[in-house]
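Asker: Kindly generate the corresponding structure for this input.
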Amino acid sequence: MLKKVRIQIETERRAAGGSLFAPTDELTSARETETERISLTVQGRWHDDGARVSLSYRETELTGLEGSTTSISYQKSDPLVISMLRTGTVRTALLFEEGKHHLSVYETPIMPFEVCVFTRKIRNGLEREGTLTLDYDIELRGADAEHTHFVLRVLPDFDKPQKKA
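Answerer: Residues are numbered from 1 along each chain as shown. Okay, the predicted model is just below:
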């Protein structure tokens, strides 16, 4: 089943102490720094083939990823392992699995960067109430780690108004 939906995304990001690349120095709490908040609603697609659920949407200038498409998916048999695939001007494949570190490559027009993600908590209620929450730390090698709280809500797509004859 493929359907159009509206996707509301809210993120809160702030600097975190330590390094995800040093396994003995796991981040335990975010430092007291200013929090950056982003809230947006975009058009997207919901696909459920019975075994896998996926959502996709185009990034906007507001996120700094304009020209990229993001797809978030999971197997119904394992809804607490979430993959996020970005294609376009910025490319990456991130894996979110509670309590685990995952490494990948973040490709930008300038150069590729190694990235590490440590997922603190996942709440996947997409099929029940249309909400996915990811609480994670992320670090591009050579940059400061960030703590991110990501909430995605699936909203019904509005029908376009009919033109009068």
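Asker: element containing the closest residue to residue 140 other than its chain neighbours?
Answerer: Nearest residue to residue 140, sequence neighbours excluded (CB to CB, 6 or more residues apart in numbering): residue 113, at 4.5 Å. (Glycine included, C-beta is placed from N, CA and C.) Element membership of residue 113, judged by DSSP states H and E, is strand 112-125.
Asker: Give me the helices and strands touching that strand, please.
Answerer: Here strand 112-125 touches strand 78-88, strand 92-97, strand 101-107, strand 131-140, going by 3 or more CB pairs under 8 Å, 6 or more residues apart in numbering; DSSP states H and E.
Asker: what comes up buried for the third one?
Answerer: This means strand 101-107. 102, 106 (16 or more other CB atoms under 10 Å).
Asker: tell me the angle of it relative to strand 92-97?
Answerer: 170 degrees (axes from the mean of the first three to the mean of the last three CA atoms, to 10 degrees).
Asker: got the angle between strand 101-107 and strand 112-125?
Answerer: 120 degrees.
Asker: Contacts made by strand 101-107 with the rest, please.
Answerer: Strand 101-107 is contacted by residues 20, 23, 90-96, 112-119, 140 when judged by CB atoms under 8 Å, 6 or more residues apart in numbering.
Asker: Can I get that strand in PDB, CA atoms only?
Answerer: Only the C-alpha atoms of strand 101-107 are listed here, as PDB (Å, rounded to 0.1, in the frame of the first residue of the first chain):
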ATOM      1  CA  HIS A 101      26.800   2.400  18.100                       C
ATOM      2  CA  HIS A 102      26.700   2.300  14.300                       C
ATOM      3  CA  LEU A 103      29.300   3.700  11.900                       C
ATOM      4  CA  SER A 104      28.600   4.900   8.400                       C
ATOM      5  CA  VAL A 105      29.800   7.500   5.800                       C
ATOM      6  CA  TYR A 106      28.100  10.900   5.300                       C
ATOM      7  CA  GLU A 107      28.800  12.000   1.800                       C
END
